[in-house]
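Q: Got a predicted model here, sequence first, then my questions.
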Amino acid sequence: MLLTRLYRREPQLKKPYDTNLAALIAEPSLTALVGPVIVAKARFVKETGNRAVHDMRPVSEVHRGFGAEGTASHLLLASPHLCSGR
């Protein structure tokens, strides 16, 4: 997982209270490192994935047209920033 790798690699990131994705995203030191826009994209990807698994509606209906393509686009846009620590 991208965030797990980032937490291992970046010494300025504090260990979150838990190792689940929500805790990794919620850790304030992540926002300080990558900025609020990237954290919002990571949260969007997490929430869309959760809805895809737990909601009976298609993902495109859940996120008003973002669907799988939009979610993947958010992930791809965030990936370089997460990998570079910016």
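A: That came through fine. Residues are numbered from 1 along each chain as shown.

Q: Now do the SS call for residue 39.
A: Using DSSP: H, G, I helix; E, B strand; the rest coil, the secondary structure recorded for residue 39 is helix.

Q: thought it was touching residue 32?
A: No: using C-beta atoms under 8 Å, residue 39 makes no contact with residue 32, being 9.8 Å away. (Each C-beta comes from the backbone N, C-alpha and C, glycine too.)

Q: Settle it for me: which of those two has more neighbours?
A: residue 39 (20 against 13; other C-beta atoms under 10 Å).

Q: OK, contacts around the more buried one?
A: 25, 30, 31 (C-beta atoms under 8 Å, 6 or more residues apart in numbering).

Q: which of those residues are buried?
A: With burial judged by 16 or more other C-beta atoms under 10 Å, the buried subset of the contacts of residue 39 is 25, 30.

Q: Which of the contacts of residue 39 sits closest to residue 8?
A: Nearest to residue 8 among the contacts of residue 39: residue 30, at 13.1 Å, using C-beta to C-beta.

Q: re the thing from before, ok, the contacts of residue 39 vs residue 45, which is closest?
A: residue 25 (9.3 Å).
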